[in-house]
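# Kindly return the folded structure for what I paste below:
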Amino acid sequence: MINKTKVLGVGGGTGLSTLFRGLRNRDIEISGIISVTDDGGSSGRLREGYGILPPGDFRNCLVAMSDTEPLLQKLFQHRFDGEDELSGHSFGNLFILAMEKITGSFEKALEESCKILNVKGSLLPSTLDQINLTVEMKDGTTIEGESNIQYNKSGINNIFLNPNNPIPNPKAQLALTESDYIILGPGSLYTSIIPNLLVPGIVDSLRESKAKKIYICNVATQLSETDGFDACDHVEIIQKFTGNMSLDHIIINNAIEDLGSNFPTSKCVEVGHVHDDWGNIILEDLMNPNFKGHHDSDKLADVIMKIIN
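Alright, predicted model coming up:
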């Protein structure tokens, strides 16, 4: 039996689900390490009410990686409306919550959910501890909680975990060690990618891994997080939180256009001044023509597969 190339994504639910959707039918083994600082919406309510790790990002990635009937995928993404206690919750989040109660752990709940949705890879929290983000904004304000960042437009100066010493998930560290390729992003720079890197031990495992390291820069800036950032600004933040780790490939969208009504507060991320010592810079049209401001899953997967092959 030929061992498939192991590709590991590190980030959050929206960006990684886009990546995984394109890669799931390629001849590789895909897995993900996902941040657990989401405290908004359905995930935030379930965290507060039941003490579960936020399930929303995991749900998005499960669906993106699944090889099952479209109806089951739609079921997992179904969100209840109305004005009762179910309002705003997605079926998939409630399913993961119920599975955790049945199996006794969040990790086991994810493993069993992968089986039900016919997901070949694995999804791993970077830590199994309950943590939140503490953010120092450029105007001197300190903000507690990821979901509150959007209300301050001054920009992020620094970011921390609270508590600041969570135990890293050993399975996540092992996945970093055993992967052939590690992909940071795409996804929210400060609230999807960086929270994983702040977990003690994760960056050490990342740096020590012999895997090729790839960073995928976002297509669009993000309100309150990366306003005015170009691609080089994104890379510099990644370098800051990884101790200037060498990147083998940096993938940047070069289709710069007006994002229109999809992103009224965002702009396309310009390339900026590229540093020669950063790694192999790959400039491609990665824009989703039907949903500008987002990566196109297939275009992104094609670029990844060219690197692998």
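# for this structure, what spans make up the helices?
Secondary structure of the chain (DSSP state H): helices at 13-23, 41-50, 56-65, 70-77, 91-103, 106-116, 170-178, 194-198, 202-208, 231-242, 297-308.
# Show me what counts as buried in the last one.
Buried positions in helix 297-308, judged by neighbour count with 16 or more other CB atoms under 10 Å: 297, 299, 300, 301, 303, 304, 305, 307, 308. From N, CA and C alone the C-beta is placed, and that goes for glycine too.
# and what of the fourth one?
When neighbours are counted by 16+ other CB under 10 Å, the buried residues of helix 70-77 are found to be 73, 76.
# Equivalent analysis for the second one, please.
Of the residues in helix 41-50, those buried under the neighbour-count criterion (16+ other CB under 10 Å) are 41, 42, 43, 44, 45, 46, 47.
# got a markdown table for the buried residues of helix 297-308, with pLDDT and distance to residue 97 too?
Formatted as a markdown table, those follow (pLDDT from 0 to 100; distance: CB to CB, whole Å):
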| residue | pLDDT | distance to residue 97 |
| --- | --- | --- |
| 297 | 97 | 28 |
| 299 | 98 | 35 |
| 300 | 98 | 31 |
| 301 | 98 | 31 |
| 303 | 98 | 36 |
| 304 | 98 | 32 |
| 305 | 98 | 35 |
| 307 | 98 | 37 |
| 308 | 97 | 36 |
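# Name the nearest of these relative to residue 279.
Lowest distance from residue 279 to the buried residues of helix 297-308 (CB to CB) belongs to residue 307, with 11.3 Å.
# May I have the residues that are in contact with the closest one?
181, 212, 214, 249, 282 (CB atoms under 8 Å, 6 or more residues apart in numbering).
# What's the local residue count around the fourth one?
Number of residues near residue 249 (other CB atoms under 10 Å) recorded here: 20.
# Can you lay out the buried residues of helix 297-308 as JSON lines showing distance to residue 128?
Shown next, in JSON lines, are the buried residues of helix 297-308 (distance: CB to CB, whole Å):
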{"residue": "297", "distance to residue 128": "29"}
{"residue": "299", "distance to residue 128": "35"}
{"residue": "300", "distance to residue 128": "29"}
{"residue": "301", "distance to residue 128": "30"}
{"residue": "303", "distance to residue 128": "33"}
{"residue": "304", "distance to residue 128": "29"}
{"residue": "305", "distance to residue 128": "32"}
{"residue": "307", "distance to residue 128": "32"}
{"residue": "308", "distance to residue 128": "30"}
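# how near is residue 125 to residue 62?
From residue 125 across to residue 62, the span is 13 Å (CB to CB, to the nearest Å).
# Same check on residue 275?
Taken as CB to CB, the span from residue 275 to residue 62 is 37 Å.
# In terms of neighbours, single out the busier of those two.
The residue with more neighbours, out of residue 275 and residue 62, is residue 62; 27 against 13, by other CB under 10 Å.
# ok, now which ones touch that one?
Taking CB under 8 Å, 6+ apart as the test, what residue 62 contacts is 76, 92, 110, 113, 114, 117, 119, 123.
# Over to residue 96?
Contacts of residue 96 by CB under 8 Å, 6+ apart are 52, 55, 58, 59, 106, 109, 110, 113.
# who's in contact with the second one?
Going by CB under 8 Å, 6+ apart, residue 55 touches 43, 46, 92, 93, 96, 97.
# and the gap between it and residue 24?
In terms of CB to CB, residue 55 sits 20 Å off from residue 24.
# likewise the fourth one?
Spatial separation of residue 59 from residue 24 under the definition CB to CB is 15 Å.
# Which one's more surrounded, these two?
residue 59 (27 against 18).
# measure that one to residue 114 for me?
Distance of residue 59 to residue 114, given as CB to CB: 12 Å.
# Same question for residue 203.
Residue 203 is 26 Å from residue 114, by CB to CB.
# Then residue 53?
From residue 53 over to residue 114 the distance is 16 Å, taken as CB to CB.
# Worst mean pLDDT across the helices and strands of the chain, which element?
Every helix and strand of the chain was ranked by mean pLDDT, DSSP states H and E. The lowest is helix 70-77, at a mean of 91.
# name the helices or strands packed onto that one?
Packing partners of helix 70-77 (3 or more CB pairs under 8 Å, 6 or more residues apart in numbering; DSSP states H and E): helix 56-65, helix 91-103.
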